[in-house]
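[1] this one's sequence-less:
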């Protein structure tokens with residue numbers, strides 16, 4: 001049975017209408033990802049925040065009437081609520097109150113499938129919960145712990161806090177150990193050209209991954225379907241990784257928990273930032289994307305913007321506009337396959353642009369020395385000849401000077 005909710009969007013008085021609409025639209029999509037149907041939307045522009053209920057009491061009781069009339073299960077706020085505000089709102093409204101951060105964390109917990117994504121989503125959840133155990137919580141009042149006493153409620157609060165702190169330490173350690181094992185595996189991938197797909201959740205990253213690699217990874221029109229970094233080969237020396245999807249104003253708990261996974265891909269040779277060009281809020285998405293790129297230090301190395309879903313466009317002037325704004329861009333439809341061949345060509349050109357090609361004649365006594373360098377740092381194509389060996393290979397440009405000085 002599908003649950004239902006009222007969405008409450010709270011904004012500054014001078015917030016742009018397009019940003020308001022985008023926030024509400026995203027909140028609706030987030031709720032839908034947990035199969036919660038939106039029955040009503042409330043927008044409140046605030047001059048100041050009410051410390052006890054975030055919004056004014058008059059608006060709270062107005063929402064209470066809607067809750068009773070529509071018989072909803074949840075009231076979902078676009079802003080993060082303090083424990084006090086959440087508790088007061090639930091007491092007045094008589095239903096569960098969820099803020100945007102908790103909503104995202106619930107989606108992550110639901111969609112986590114692999115060991116590492118489960119560890120990361122659990123860590124994010126506990127980092128969120130820890131500060132919400134401070135003060136006189138619901139459990140204290142229910143068990144009778146009062147001011148000036150050390151009743152069972154306060155003991156439970158201390159126990160919960162210690163448990164969560166210990167669990168956070170364990171999870172961080174497990175994630176760090178996982179990262180070490182990944183780094184060990186990556187030692188064997190040093191000769192590979194690494195590409196990473198970044199982008200907003202639901203922009204079509206996984207469908208592009210499937211097109212480029214011939215894979216069949218699950219896709220869905222829901223948010224945060226992909227929580228794991230998945231790597232596959234495009235060609236013998238080229239691999240591509242699909243990462244967790246971005247979202248505007250991602251909670252810091254999520255960013256911190258998934259930081260290791262994202263950093264794992266930060267040093268890739270080519271970064272492809274996927275954007276849904278058909279999104280009515282595409283300008284704001286790009287603005288948010290730039291913010292995330294800077295926040296996570298993803299601006300190192302070669303970057304291209306892949307504008308996806310051109311098959312959904314009615315006005316193709318949008319393509320011409322973004323071609324001029326972003327010279328390092330390509331426009332594709334992962335669904336129909338349009339321009340995917342051009343994307344593959346772009347990838348190959350970038351791959352060969354970081355390499356130099358050599359054909360070197362080398363004596364038999366020096367052949368092992370050259371092959372040691374090529375096999376550890378480059379791509380050996382073949383060896384021709386009998387007495388005079390002709391070694392054909394590619395090697396990253398940064399090692400070309402060494403080859404020229406010692407062998408050419």
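    Cool, the structure landed. Treat the numbers as computed from the prediction; the structure is a model and nothing was measured.

[2] so, low pLDDT: which residues of the stretch 301-408 of the chain?
    386-387, 408 (pLDDT under 70).

[3] all the helices of it, in order from the start?
    Using DSSP state H, counting those that start in this stretch, the helices of the stretch 301-408 of the chain run over 317-325, 340-353, 367-377, 400-406.

[4] Throw these into JSON lines and include distance to residue 242, thanks.
    For glycine as for every other residue, the C-beta is placed from the backbone atoms N, C-alpha and C. Shown next, in JSON lines, are these (distance: least, CB to CB, whole Å):
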{"stretch": "helix 317-325", "distance to residue 242": "23"}
{"stretch": "helix 340-353", "distance to residue 242": "14"}
{"stretch": "helix 367-377", "distance to residue 242": "27"}
{"stretch": "helix 400-406", "distance to residue 242": "32"}
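
[5] between the ones you listed, which gets nearest to residue 240?
    Closest approach to residue 240 among those (CB to CB): helix 340-353, 8.0 Å.

[6] mind listing the strands for the stretch 51-200 of the chain?
    Along the stretch 51-200 of the chain, the segments classed as strands by DSSP state E, counting those that start in this stretch run 74-77, 96-99, 193-199.

[7] now render these as TSV, adding mean neighbour count, mean pLDDT and distance to residue 128.
    Converted to TSV, those look like this (neighbours: other CB atoms under 10 Å; pLDDT from 0 to 100; distance: least, CB to CB, whole Å):
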stretch	mean neighbour count	mean pLDDT	distance to residue 128
strand 74-77	24	96	14
strand 96-99	21	94	10
strand 193-199	24	87	24
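
[8] and the ones you listed: which comes nearest residue 83?
    That would be strand 96-99 among the strands of the stretch 51-200 of the chain, by CB to CB, at 10.6 Å.

[9] and the strands of the stretch 51-200 of the chain as a markdown table, adding distance to residue 369?
    A markdown table is the format used below for these (distance: least, CB to CB, whole Å):
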| stretch | distance to residue 369 |
| --- | --- |
| strand 74-77 | 66 |
| strand 96-99 | 63 |
| strand 193-199 | 25 |
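
[10] between the ones you listed, which gets nearest to residue 371?
    Checking the strands of the stretch 51-200 of the chain against residue 371 by CB to CB gives strand 193-199 as the closest, at 20.9 Å.

[11] just want the angle from the closest one to helix 340-353.
    Per axes from the mean of the first three to the mean of the last three CA atoms, to 10 degrees, the angle that strand 193-199 makes with helix 340-353 is 130 degrees.

[12] quick revisit: can you redo the helices of the stretch 301-408 of the chain as CSV with mean neighbour count?
    Output for the helices of the stretch 301-408 of the chain, formatted as CSV (neighbours: other CB atoms under 10 Å):
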stretch, mean neighbour count
helix 317-325, 12
helix 340-353, 15
helix 367-377, 15
helix 400-406, 13
